[in-house]
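Peer 1: Structural data only, the sequence is not supplied:
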């Protein structure tokens with residue numbers, strides 16, 4: 001069976017810089033009836049494992065290391081035997097949530113992850129976090145953007161480890177160059193497309209946010 005994208009929403013909290021907020025996170029499962037990768041193991045390892053079922057999890061990919069995107073990763077890894085992959089620039093954030101458990105492997109710009117006959121290219125897109133990455137799957141006309149790009153503009157940059165000019169450069173140089181019909185599967189909220197977000201990003205640049 002051809003590879004497909006499955007979507008799960010989990011709920012929990014995001015904490016940074018002394019504040020805590022309730023959040024709903026998108027968890028993306030990419031694969032077929034035999035094998036998958038999980039993108040952003042958020043909040044509920046049991047629910048994610050149930051969605052995976054008996055399939056082999058090839059990797060648990062972290063788009064970045066804010067706690068709401070990684071809090072369930074170790075438990076899911078223990079249940080499935082899958083390695084947790086993270087860009088090394090986000091290790092300081094990772095250690096805030098999991099000081100006694102390191103990721104199992106690194107992500108790097110240009111690396112390709114393969115599952116169910118589909119290739120996902122890692123794009124390093126810092127700004128929301130130093131080690132933020134997106135995953136581009138041309139065969140699925142899909143981009144998994146984490147918190148780098150949302151429907152309506154860039155991800156937040158008002159907290160520690162974030163930088164607005166950097167996220168704008170990442171989006172402009174790495175994401176808006178992708179085909180306009182590419183569907184952007186975000187870390188929170190609704191999906192969008194590259195073409196739909198180009199004017200929104202420009203508006204943010206013009207407003208200086």
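Peer 2: Arrived safely, thanks for sending. Only a predicted model underlies this, so the values are computations on that prediction, with no experimental measurement involved.
Peer 1: Longest helix in the protein, please.
Peer 2: helix 194-207 (DSSP state H).
Peer 1: Tell me the helices and strands packed up against it.
Peer 2: Judged by 3 or more CB pairs under 8 Å, 6 or more residues apart in numbering; DSSP states H and E, helix 194-207 is in contact with strand 153-154, helix 164-170. For every residue, glycine as well, the C-beta is placed using N, CA and C.
Peer 1: Please repeat the previous calculation with a cut-off of 6 Å.
Peer 2: strand 153-154 (3 or more CB pairs under 6 Å, 6 or more residues apart in numbering; DSSP states H and E).
Peer 1: Name every strand pairing with the strand it packs on and say which way it goes.
Peer 2: The partner list of strand 153-154 in its sheet, established with DSSP bridges, is strand 149-150 (antiparallel).
Peer 1: ok now the partner strand, how far from the chain's centre?
Peer 2: Its chain's C-alpha centre and that of strand 149-150 lie 11 Å apart, by CA atoms, centre = their mean, to the nearest Å.
Peer 1: Also stretch 124-136?
Peer 2: Worked out by CA atoms, centre = their mean, stretch 124-136 lies 8 Å from the chain centre.
Peer 1: Excluding sequence neighbours, find me the nearest residue to residue 88.
Peer 2: Of all residues not flanking residue 88 in the chain, residue 106 sits nearest, at 5.2 Å (CB to CB, 6 or more residues apart in numbering).
Peer 1: same check, this time on residue 14
Peer 2: Counting by CB to CB, 6+ apart, residue 14 lies nearest to residue 68, which is 4.1 Å off, once chain neighbours are set aside.
Peer 1: wait, doesn't that neighbour sit right on residue 16?
Peer 2: No - Residue 68 is not in contact with residue 16 according to CB atoms under 6 Å; the separation is 9.3 Å.
Peer 1: which other residues reach the lowest-mean-pLDDT helix or strand in the chain?
Peer 2: None of the helices or strands of the chain scores lower by mean pLDDT, DSSP states H and E than helix 194-207, at a mean of 85. Residues from elsewhere that reach helix 194-207 (CB atoms under 6 Å, 6 or more residues apart in numbering): 152, 153, 154, 168, 171, 176, 178, 180, 182.
Peer 1: Okay then, goodbye and thanks.
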